[in-house]
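Engineer: Everything below, folded, please.
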Amino acid sequence: MTVKQFQDLEEVDQLKILIQFGILIGEITEQNARVFMYQVQDFYVETRYTMQTDDLTSIESFSRMDREDRTQWTILKPAPFNKEKYTD
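Structural biologist: Residues are numbered from 1 along each chain as shown. Below you'll find the predicted structure:
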């Protein structure tokens, strides 16, 4: 899926894609919103929720991580891979 294909989807279908294929990679709290960043294949998606009601207010997708306002993100790190579990 490309970022353009994602953008052409209805909001409910975009959320389904995020649930099924999105990897949560960052979060930030702004004045009145919680914002989450996901990676979906080779593009990124921001979802924005109100602090008061936790309602989704926007979904923004983009293909590059070079915007200045993304420098203050708390980047989430995945749990470390457990090598011992998979040794012979």
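
Engineer: Tell me the strands beside the strand or helix carrying residue 57, with direction?
Structural biologist: Element membership for residue 57, per DSSP states H and E: strand 56-62. Note on strand 56-62: by DSSP bridges, its sheet partners are strand 43-50 (antiparallel).

Engineer: Contacts for the strand it pairs with, please.
Structural biologist: Here strand 43-50 makes contact (Cβ atoms under 8 Å, 6 or more residues apart in numbering) with 2-3, 6, 14, 18, 22, 25, 32-39, 55-63, 65. Heads up, the C-betas are built off the backbone N, CA and C, glycines and all.

Engineer: Try it again at 7 Å.
Structural biologist: Applying Cβ atoms under 7 Å, 6 or more residues apart in numbering, the contact partners of strand 43-50 are 3, 6, 18, 22, 32-38, 55-63, 65.

Engineer: Just the buried residues of the residues you listed.
Structural biologist: Buried by 16 or more other Cβ atoms under 10 Å: 3, 6, 18, 22, 35-38, 59, 61, out of these.

Engineer: Take those and keep only those in helices.
Structural biologist: In helices, defined here by DSSP state H, the members of the buried ones among the contacts of strand 43-50 are 3, 6, 18.

Engineer: Residue 27 belongs to a strand, doesn't it?
Structural biologist: Yes: the assignment for residue 27 by DSSP: H, G, I helix; E, B strand; the rest coil puts it in a strand.

Engineer: Do I have it right that it meets residue 33?
Structural biologist: No: in this structure, residue 27 is not within contact of residue 33 by Cβ atoms under 7 Å, at 11.0 Å.
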